[in-house]
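Peer 1: Show me how the following folds:
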Amino acid sequence: MAKLKRLRAPKFWKVPKKVEKWVVAPRPGPHKKFESIPLAIIIRDMLKITDTANEAKRIIKMGEVLVDGKTRKDHKYPVGLMDVVAVPKLEKYFRVVPAAKGLELIEINKKESEEKICRINNKTTMKKGKLQLNLHDGKAILVDKDVYKTGDSVLVELPSQKIKEHAKLEKENLGLITKGKNSGKLVKIKEVIATKGREPNKVVCELEKEPIEVLKDHVLVVGKDKPMIKIE
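Peer 2: Purely as a prediction, here's the structure:
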């Protein structure tokens, strides 16, 4: 559907609810509908680079906005967790991070805009022994060595997708909670619990010196002693 009723739009989009009936909906893509933000909404409502939807559409169509280092000319393009939005003409760069009520954008510098943390959602064995890492943002990377596990994170170079660092989902590493009441909080991983049957795997984390249990899929490993990139 091309449009979405404003009253149904997630609060983190920051669109006024009573101005008009409809708002642009994100196009199907690498992130789920209500876990992403249409590029036009980011430009107009969140960053306030333009005053109107038409102005936002125009600068996007002109190729002035990049996502993860690549020009995106579709104003409905879905931008999601850890994606990097850049407007080079304004020398403005932003990263999408989890927040208490969904997603928010933090400003970063140009150097930071050339890197991104991606979670490994699953792996696929390809021909000739190659291994494909399937990442949380819909992208895939081919690797030679099977040293990566589901739930680990990789720091990739943008837009080349070259792996720069590997952070394992293991004890004492740092995690970022991506969903739930503690979304956006930085935690220390204490234990990974593999459950039986259909029950989802969990991770025991330390938050403000207290233990909490989080679904494995809701933890993004961001580094060892400190985050690999700016996340807050």
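Peer 1: ok, now how distant is W13 from T124?
Peer 2: 33 Å (C-beta to C-beta, to the nearest Å). No exception for glycine: its C-beta is placed from N, CA and C like everyone else's.
Peer 1: neighbour-wise, which of these two wins?
Peer 2: Remark: of W13 and T124, W13 carries more neighbours, 21 against 11, as counted by other C-beta atoms under 10 Å.
Peer 1: Wait, the more buried one touches M46, no?
Peer 2: Yes - with contact defined as C-beta atoms under 8 Å, W13 counts as touching M46 (7.3 Å).
Peer 1: Pull the contacting residues for the residue nearest in space to the middle of the chain.
Peer 2: For the chain, the residue nearest the mean C-alpha position is L81 (1.4 Å; C-alpha atoms, centre = their mean). The neighbours of L81, taking C-beta atoms under 8 Å, 6 or more residues apart in numbering as the test, are H31, E35, V96, V97, P98, L103, H136, D137, T178, L220.
Peer 1: so the fifth one sits in a strand?
Peer 2: Think P98. Yes - counting by DSSP: H, G, I helix; E, B strand; the rest coil, P98 is part of a strand.
Peer 1: Hmm, it is touching L186, no?
Peer 2: No - using C-beta under 8 Å as the test, P98 is too far from L186 to be in contact (10.4 Å).
Peer 1: who has more neighbours, these two?
Peer 2: Between P98 and L186, P98 has the larger neighbour count (other C-beta under 10 Å), namely 25 against 17.
Peer 1: So what sits opposite the more buried one in the bridge?
Peer 2: L103 (DSSP bridges).
Peer 1: Pop the domain breakdown of the chain in here.
Peer 2: Domain ranges of the chain: 3-110, 114-167, 174-223, per automatic domain parsing.
Peer 1: Between these, which one is closest to K230.
Peer 2: domain 3-110 (5.4 Å; C-beta to C-beta).
Peer 1: Show me which strand runs longest in this structure.
Peer 2: In the chain, taking DSSP state E as the definition, the longest strand is strand 115-125.
Peer 1: Residue for residue, what is the longest helix this structure has?
Peer 2: helix 53-61 (DSSP state H).
Peer 1: Show me which residues of that helix are buried.
Peer 2: Residues of helix 53-61 classed as buried by neighbour count (16 or more other C-beta atoms under 10 Å): A53, A56, K57, I59, I60.
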